[in-house]
Every structure is written in structure tokens, then in C-alpha cells.
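Enquirer: make a model of this:
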Amino acid sequence: MKFELVKSDITVIGGGLAGVCAAVAAARLGQTVSLVNNRPVLGGNSSSEVRVWVCGATAHGTQRYARETGIMGEMFVENQFRNPDGNPYLWDLVVLETVRAEPNITLFLNTDVHEVEAEGAEEDRIMKSVTGWMMGSERKIRFESDMYIDCTGDGLAGFLAGAKYRIGREAAAEYNEDWAPETADDITLGSTLLFYTKEADRPVKYIPPSFAKDITQTAIPMKRVIRSGDSGCHYWWIEWGGELDTVHDNERIRDELWSVIYGIWDYIKNSGNFDADRMTLEWVGSLPGKREYRRFTGDYMLNQNDIIGQVPFTDRIAFGGWSIDLHPPQGMYSAESGSKHLFSDGIYHIPFRSLYSSNVSNLMFAGRDISATHVAFGTTRVMATCAVIGEAAGSGAALCVQKGISPRALHRDHMNDLQQTMLRQDASIIGIVADDPYDLAKSARITASSTTTKVSLTDSTYTHPLDKELGILFPVNPSLESVALLIDAVKAATLEVELWHTDKGENYVPKQMVTEASVSVAEGTGQWVKLDLAWQPEAACNAFLIIKANEAIQLHGSDSPMTGVLCFEKGPKPIVSTLLEDRQPDQPVVQWSMRRWNRKPLCLQVTPNTEAYAAAAVADGYIRPFAGPHLWMSEPMTPGKPEWLQLEWAEEQSIAEIHVTFNDDVNEDLINLHHHRTAFEAIPELVRAYRIEALIGEEWITLAEEKHNHKRKKVHKLSRSTTSHTIRLWIDETNGGPRAEVAEIRVYAL
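Expert: Okay, the predicted model is just below:
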């Protein structure tokens, strides 16, 4: 046995996506980090050991412009480029390389932390060390740091340190949550095992093991959807253990899940109800994917009302958008649906106060163990949301070390520093303006080679019957006069529309009706029909146009998407079986679905011209859509003719670092494994080839150049500082999009 002492600024315990993002965020801010994981691979429940797909704020396309940016966003985009078919082992590599790219991180795999040294009274404790055993190497390692981040999911490190926590469901009266039970209890969400199948080139027999459960003697075939072609996360409902202790009964839960998986496969293969002769098992998990256990107590307990009300916390540091997704305690044996869902109207915000311990001064947490009620945890628990919380925790811990203060003091005295630091890193925060006093771009005069000034889609490639209400969302900046739609009419008819405001800048559903209009149309095809909809909103915003159903009319649509324009259809039809999911039908984001309309907008022409895509947007402080697109967009590019953005100062500036954030269409739902396949490897709107030049004297000098970019944010640290009063970003090529699109440019002297 070998004993070791490792000292670092921050120790992160747990290498799931929350721990990975916490470690990477802290390391990028200059702190040394020990990342300690008890498994041989990183990624937690998303890894090849468990294989849960990474869900997040997009809710598989239910929420709009909601895909995570920052570190999680980088991994999504990189995985899409490297691994479009969702190979779980290649996903492991994307996560591992994200960590290994940071020289400030020392990674300890197969290292199980089970000892913690902490001291102080119950209400004022401090962690001194954590100790782990590295399996296979017989190394006992003591980790000493100024700050600790518990990303273990089950909260073991914080528990051993004496941090306050809760297990189970709060009573409804405690936080006035109508989805909570009347009486508090110790029930949690259960655990799940998954399996993969594949098609063989010949018939394959299956003899079940002796412990396989005869599922025909259970409620499972009647209460859950079983199909021969499904595998992996389609069987998320194979869940059990919510009425047990999901940690201490872990082995019992695993054995029960195994018995059901092999029983389901026996039912599929041998019941005669399925065409499965050539199907065979490819992989069965052995590590239960836990959903819930300890939830620590911070200075704020996030609750259901915060989620549904989309409370804009002044200390917000991350967002989510997955539904409040709660499962019956009996799991797969329940007579209820496998899950029930309650959505907010758009993304919701997560406060920093839910990320640090109320009684252990140097302990933070990220992932499914944050300070949230059981009901609120029903949405914050999904992995991409855990990841962006991890980035916030790691950033906060880094600033605490730099300033020599506690997370509570950071919240009290330096919250703006944390938020601005995170925005500089392209973190997942919405609605807060980046206002970095050191960003020279803020004082530059910004011009462009061309700018899109019209919200206009005229290239018709298909028609769609107006047999149900349809919706179009588009930016209004600064005003609206009319909208014209391209239609066919089989007979004389009346086209009726309503214009709605979406209210919150982060929402994309109709909330407040502004006006309505109707126009008589004659029989005929290819008619542009103009609707007068005068509106002068108080500030730039999004408009939601509802087109009333009329079976005499067909609308023309285009296969050429335009950033800022989304289309929807309204309908009560459930997306999935009600045996699996119970979604309340009156939720606007469920009523108005954009899934069938992704990248296939309806044709329209909006007047007057818009300022939504102006060059100045690259320095307006927003790095993602919020009440509008907040990016510069050129006119359609001409082959061989690059577009450009220019920053010009009245006096020469010393330039050492340039940040460019391109548009990677955060409305596009990406996934790490196999929920769906996205057709392209690189987001089409992303700039592929570009150059940055500086005017020095009378000569343009190239400072940086990239020919094969597929990333959203690029940081160019110059080998030596350059003095110039003008720099220009040349866009030579995109990854397929018709226009050059840039979300943000930052320029720094140091």
C-alpha cells in the first residue's frame, strides 16, 4: 500500500458531467484542481458504463433556443462533430479529452473517496481533507484544498463532512408546492438499468437466466410500452427502488432491475408477439443509474414555484428547461404513467445560493445534490443542467480561492464578478448583460460588409395545409407594420391571424395578444397576402403570429432556415404514449410544438426593415437569444466574396487577446447518444473559415486564421501584443449556412 498527499486549490469529488464542468471551469480560471472519480471513466450516468443520454434545457426540442453553451455546449458540439452516430465509447473520449486539455487538472480515476476530515461546530464547519482509495493501484491518497466541490450525486463527501441535507419529499405546505405530497416522506426517484440490442445476420435464440422475471405475471406489459426495436434509454422506465434506500439497497435494486431486463428480453424474443428472431442482446448495464438521494441544504432551497414562475434571481448562474419530471414510487410496477411532467413557459433560472453549504464554509456542490426540493429536483437533475451548474460551482470556487473568501461572502460581495466572469466564458446564463470594463470592443465603432435588414423567407419548397393553427415567431426591432404570407387557396376564403407578445425575453410562446387581422383571399396559387399588424413595442422583442386554421388554405414553406424565425403547430396530440408520460395539455410549450418545423419555416415577409441583425449586436452584452437573436447576420454570401466585421477605435489600442463567439444555433437539439440522429456533423450556421486582421500603419496584418472551424467560441491569444486602431474579422466560409453570423466579439489588452 502506498500513502500519498495531494495539495491543490480545489478538490472536485465526482467525475460525472457536473464534476467535469466544475473542474474544467476552475482550471481555466487559473486554479489547480484535483478531479477524483470512483469509476474508470468520466461522465457519470452518461458514460459507457450506464449510457443515459444527456438531457437538458431543450427537453428534446420542447424548449426553444435552450441548448446549453459554455463547457457543456462545447462537449455537445464536439460530440456531434466526432460522433454523430452516438457511440457511447466515443462520448467517453470527448469528456476525457475535455479534462485532459486542461494542464491545471490532475485526474484521479478509480479513486473512491470515503474518508473526510472536517472540524468546527455543527453550524460552522470547515473541510480539511478528503481521502480516497485508488483501486488497482493500492494507493491511499489524501487531498487537501482550500475549496471542495461535492459532485458525487449521492452527496457522500458532504455527508461525511457534516453538511446539512435532506432525503425524500417535502410536505406541500413547506414550500407551497402543489406537486408535493401532503405529508413529508423518505420516498425518492428510483434507479434504472439500460440495455442495447442489435440485429444479427441470422436467427439468434435466447435462453433466459434462472432469475429472469416472468413479466406476464406483473403489470409491466399492460402499463408500459414494449417494442422489439427499442433499446437503451427508450427503456428509462425500467425503474425501481424509490421506496427503498437507493444507496444502501443498491445491490438489491440492481438485482431486481436485472431480473426485469432479462424478463423483458425473454418476452420480446420468445412470446411470439414480436418480430425478433434475428435480434440479440448487445449490452446490459451492471451499474444502476441513480436518480436521487441526498440533496444538500444551501442558503436557498430552489422550489416548484421558482421553476414555474421562472424567477429571475439576481444571483442566477445557470438555467434549466427540462420539465418537472417526477416518477411514481413503485417505478415500473406502478399502475400510473411512468412519469408526469410540468413545464415552465421557457427556461428557468438557478441561483448561486443553491450551490454552497449552509453550514460547511468551504463546501460547494453541483449536480443532482444541489439545494432544491424534491419537486424542483425533478427538473434540475438532468445531466446537461447538472453540467452547467457544475461550471458555475467551479467558477465560484475559483473566485473564492483567488479572493480568499467563502462562497457565502462571494455571493454577498462579488456576485457581479462571478456572473461577468462566467459570461466571458460563454456560460449558460440568460438575461444578464455582459459588461466587462476591460472589453475594448465596447468602445469600438462596429461596421460590417453587409447586414440582413429584412425578416424575409421567399424561397418556397413545399406547401402545408392550414388544417390546424400554425405559429411563426420572429424578431420585432424596433417596430412592425405588416406580415405577408405566401398561400394557395382552393376557393375564396378568409385568412385570420393574431399577433401576440411572448412577454419574457427567454420565452417563445404566445402570452399577451397585441392585435388581430383578417383578409379575404381569392382562389388561386402563389399569392402573397399582406396582413396589417401595426405594433410599436416598448423594446425589441419577439412576436408570435398565430395563423387560424382554414382548410381552404395552404401555406408555403422553405427549407432555408433564418436565425430568429421559428415555426410551430398547435395540437393536443401527445408526443409519446400516455402509458409512459403524463403531460398536462394546457402547457403552452407542449401545445405549440416546433419539432416538425425545425429548419423548415413558413414563407413570410415582414415590414418594415429590422435592426435585429445589426453589426453592433456583437458587442451588446448578450451572447445568446433573449427577446431577439442578438447577433450580426450578413446578407446571403456570394462564393468567393467574404463578409467582414470591423472594429475601429478613435485611438490605437494594445491588443493581446480576441474572443469570437459564432452562432451555433442553440435552438438545435443535440444529443450525446441515440435519442435521435442530427443530419449534419457541424452546425451549418457556424463559421468554418475566417481570418482576423489588424491595420498597422497602412498594411493589414493577419493576427489569426482558421480554415476548418466547427466550434462556437474561439479565443485567440496573440504571441505578442499588437497596436492598432482597426481590426477586421473576415468570414470566408460557413459550415453550410447561407449567411455569416457572429454572436459576440471581445477584445482585450491583457
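
Enquirer: show me what contacts residue 4?
Expert: Listed by C-beta atoms under 8 Å, 6 or more residues apart in numbering, the contact set of residue 4 reads 139, 140, 141, 142. C-betas here are computed from N, CA, C, even on glycine.

Enquirer: any idea which of those has the most stuff around it?
Expert: Greatest neighbour count in the contacts of residue 4, by other C-beta atoms under 10 Å, goes to residue 141: 20 neighbours.

Enquirer: per-residue confidence at that one?
Expert: Predicted confidence (pLDDT) for residue 141: 98.

Enquirer: the one 3 residues further on now?
Expert: pLDDT, the model's per-residue confidence, is 98 for residue 144.

Enquirer: and for it, the neighbour number?
Expert: Residue 144 - counted by other C-beta under 10 Å - has 17 other residues nearby.

Enquirer: residue 686 too?
Expert: Neighbour tally, residue 686, other C-beta under 10 Å: 22.

Enquirer: same question for residue 607.
Expert: Residue 607: 17 neighbours (other C-beta under 10 Å).

Enquirer: what's the answer for residue 559, then?
Expert: 11.

Enquirer: got a list of what it touches?
Expert: Here residue 559 is in contact with 459, 461, 462, 599, 600 (C-beta under 8 Å, 6+ apart).

Enquirer: over to residue 571?
Expert: Here residue 571 is in contact with 468, 591, 593 (C-beta under 8 Å, 6+ apart).

Enquirer: weed out the non-buried ones from the residues you listed.
Expert: For those, a neighbour count by 16 or more other C-beta atoms under 10 Å gives the buried set as 591, 593.

Enquirer: inside helices: which ones of the contacts of residue 571?
Expert: Counting by DSSP state H, those place residue 591 in helices.

Enquirer: what is the nearest of the contacts of residue 571 to residue 680?
Expert: Closest to residue 680 out of the contacts of residue 571 is residue 593 (21.9 Å), distances taken as C-beta to C-beta.

Enquirer: give me the beta-bridge partners of that closest one?
Expert: Counting by DSSP bridges, residue 593 forms beta bridges with residue 569.

Enquirer: these two touch, right, it and residue 568?
Expert: Yes. Using C-beta atoms under 8 Å, residue 593 is in contact with residue 568, at 6.2 Å.

Enquirer: so for stretch 80-94, mean pLDDT?
Expert: The average pLDDT within stretch 80-94 is 97.

Enquirer: buried ones in it, by neighbour count?
Expert: In stretch 80-94, counting by 16+ other C-beta under 10 Å, buried: 80, 81, 83, 84, 86, 87, 88, 90, 91, 92, 93, 94.

Enquirer: what do you get for stretch 417-428?
Expert: By neighbour count on 16+ other C-beta under 10 Å, the buried set for stretch 417-428 is 418, 419, 420, 421, 422, 423, 424, 425, 426, 427, 428.

Enquirer: what residues are up against the fifth one?
Expert: It refers to residue 422. Contacts of residue 422 (C-beta under 8 Å, 6+ apart): 70, 317, 391, 392, 395, 429.

Enquirer: returning to that earlier point: would TSV of the contacts of residue 4 with secondary structure and distance to residue 494 be doable?
Expert: Compiled in TSV, those are given as follows (DSSP: H, G, I helix; E, B strand; the rest coil; distance: C-beta to C-beta, whole Å):
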residue	secondary structure	distance to residue 494
139	strand	78
140	strand	79
141	strand	75
142	strand	77
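
Enquirer: which of those residues lies closest to residue 525?
Expert: For the contacts of residue 4, the residue nearest residue 525 by C-beta to C-beta is residue 141; the value is 73.8 Å.

Enquirer: so the residue nearest to that closest one when sequence neighbours are not counted, which state does it fall into?
Expert: Nearest residue to residue 141, sequence neighbours excluded (C-beta to C-beta, 6 or more residues apart in numbering): residue 4, at 4.7 Å. Of the three states, residue 4 takes strand under DSSP: H, G, I helix; E, B strand; the rest coil.

Enquirer: and the pLDDT at residue 4?
Expert: Looking at residue 4, its pLDDT stands at 97.

Enquirer: repeat for the one 3 residues further on
Expert: Per-residue confidence (pLDDT) for residue 7: 98.

Enquirer: quick one, phi psi at it?
Expert: With angles defined as degrees, to the nearest 10, residue 7 sits at phi -110, psi 130.

Enquirer: wait, it sits on residue 145?
Expert: Yes. Residue 7 lies in contact with residue 145 (C-beta under 8 Å); the separation is 7.2 Å.

Enquirer: neighbour count for those two, which is higher?
Expert: Ranked by neighbour count (other C-beta under 10 Å), residue 7 and residue 145 place residue 145 first, with 24 against 13.

Enquirer: what sits against that one?
Expert: Contacts of residue 145 by C-beta under 8 Å, 6+ apart are 7, 8, 9, 10, 11, 34.

Enquirer: phi, psi for the fifth one please.
Expert: Listed backbone geometry of residue 11 is phi -110, psi 130, with angles given as degrees, to the nearest 10.

Enquirer: dump the buried residues of stretch 417-428 to TSV, plus pLDDT, secondary structure and distance to residue 104.
Expert: TSV is the format used below for the buried residues of stretch 417-428 (pLDDT from 0 to 100; DSSP: H, G, I helix; E, B strand; the rest coil; distance: C-beta to C-beta, whole Å):
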residue	pLDDT	secondary structure	distance to residue 104
418	98	helix	19
419	98	helix	22
420	98	helix	21
421	98	helix	16
422	98	helix	18
423	98	helix	21
424	98	helix	17
425	98	coil	15
426	98	coil	19
427	98	coil	18
428	96	coil	22
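
Enquirer: just put the residues you listed in CSV and tack on distance to residue 636.
Expert: CSV is the format used below for the buried residues of stretch 417-428 (distance: C-beta to C-beta, whole Å):
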residue, distance to residue 636
418, 40
419, 36
420, 35
421, 37
422, 34
423, 31
424, 32
425, 32
426, 27
427, 32
428, 31
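
Enquirer: just the closest of the residues you listed to residue 261, please.
Expert: residue 428 (34.7 Å).

Enquirer: what's the spacing between the closest one and residue 366?
Expert: Separation of residue 428 from residue 366 (C-beta to C-beta, to the nearest Å): 13 Å.

Enquirer: next, count neighbours for the residue lying closest to residue 627 once chain neighbours are set aside.
Expert: Spatial nearest neighbour of residue 627, excluding adjacent residues (C-beta to C-beta, 6+ apart): residue 505 at 3.4 Å. For residue 505, the neighbour count with other C-beta under 10 Å is 20.
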